[in-house]
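[1] Here is a sequence with its predicted model. Questions after.
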Amino acid sequence: MKAVSDYTPEDAALLCSVGRLVCAWTMLEQSLEAKIGMLRDAMGDVRTVGARTRPSMTKLMTELRTMVSMRDRRNASALTEISGIERDMQRIDRFRGLIIQGFHQPEPGGFTCRDGRNNIQHIGLEQLEGEIEALETVASRLLAV
């Protein structure tokens, strides 16, 4: 087991990408909260999102789905898009959980993680970058709903 200070400069891209994944997820949460705030304003509701505690992504998506269904009663395309966004978010969240909870060690071209069954999986930097791009795409799709 090596300390974080022992990581080489070659590992910097890896560590930076893991940080970018975490930041992209947080930005997605903020985009969702902003979208709900905009919908509330448009409907005349002035409550703050998560005034007491920060709501989970599931609760925020449920609220978004409810508000959109009230806004577009006859147009189901927005609800279909929300369902697609939710599927993508769940897939990315599982990947994010694997990275955060199962990070094992750097390897050539990426790093290894241990999943919930203790299986070792190799994650390439390209795969990590792809998931970060997917998160950014989901955030823009969310704002377009």
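    Alright, I've got the coordinates.

[2] Show the average pLDDT along stretch 31-42.
    The pLDDT scores in stretch 31-42 average 86.

[3] Parallel or antiparallel, list what pairs with the helix or strand bottoming out on mean pLDDT in the chain.
    Ranked by mean pLDDT, DSSP states H and E, the weakest helix or strand in the chain is strand 103-107, scoring a mean of 84. Strands adjacent to strand 103-107 in the sheet, as given by DSSP bridges, are strand 110-114 (antiparallel).

[4] Can you tell me the SS state at residue 45?
    When states are read from DSSP: H, G, I helix; E, B strand; the rest coil, the local structure at residue 45 comes out as coil.

[5] okay, now it: neighbour count?
    The number of residues packed near residue 45 is 11, by other C-beta atoms under 10 Å. Every residue, glycine included, has its C-beta placed from N, CA and C.

[6] before we move on, what about residue 63?
    The number of residues packed near residue 63 is 19, by other C-beta under 10 Å.

[7] And for the one 5 residues further on?
    Residue 68: 18 surrounding residues under other C-beta under 10 Å.

[8] Does it touch residue 145 like I think?
    Yes: Residue 68 is within contact range of residue 145, at 6.3 Å (criterion: C-beta atoms under 8 Å).

[9] Need the residues touching each of these two.
    Shared contacts of residue 68 and residue 145, defined by C-beta atoms under 8 Å, 6 or more residues apart in numbering, are found at 78, 82.

[10] related to what we said a few turns ago, give me the contacts around the least confident helix or strand of the chain.
    The contact list for strand 103-107, computed with C-beta under 8 Å, 6+ apart, reads 2, 7, 11, 14, 18, 111, 112, 113, 114, 120, 122.

[11] cutoff 6 Å now
    If you take C-beta atoms under 6 Å, 6 or more residues apart in numbering as the criterion, strand 103-107 is touched by 11, 14, 112, 113, 114.

[12] So which elements touch the helix or strand where residue 78 lies?
    Remark: residue 78 resides in helix 77-102, with elements defined by DSSP states H and E. Packing contacts for helix 77-102, counted by 3 or more C-beta pairs under 6 Å, 6 or more residues apart in numbering; DSSP states H and E, involve helix 57-71, strand 110-114, helix 125-144.
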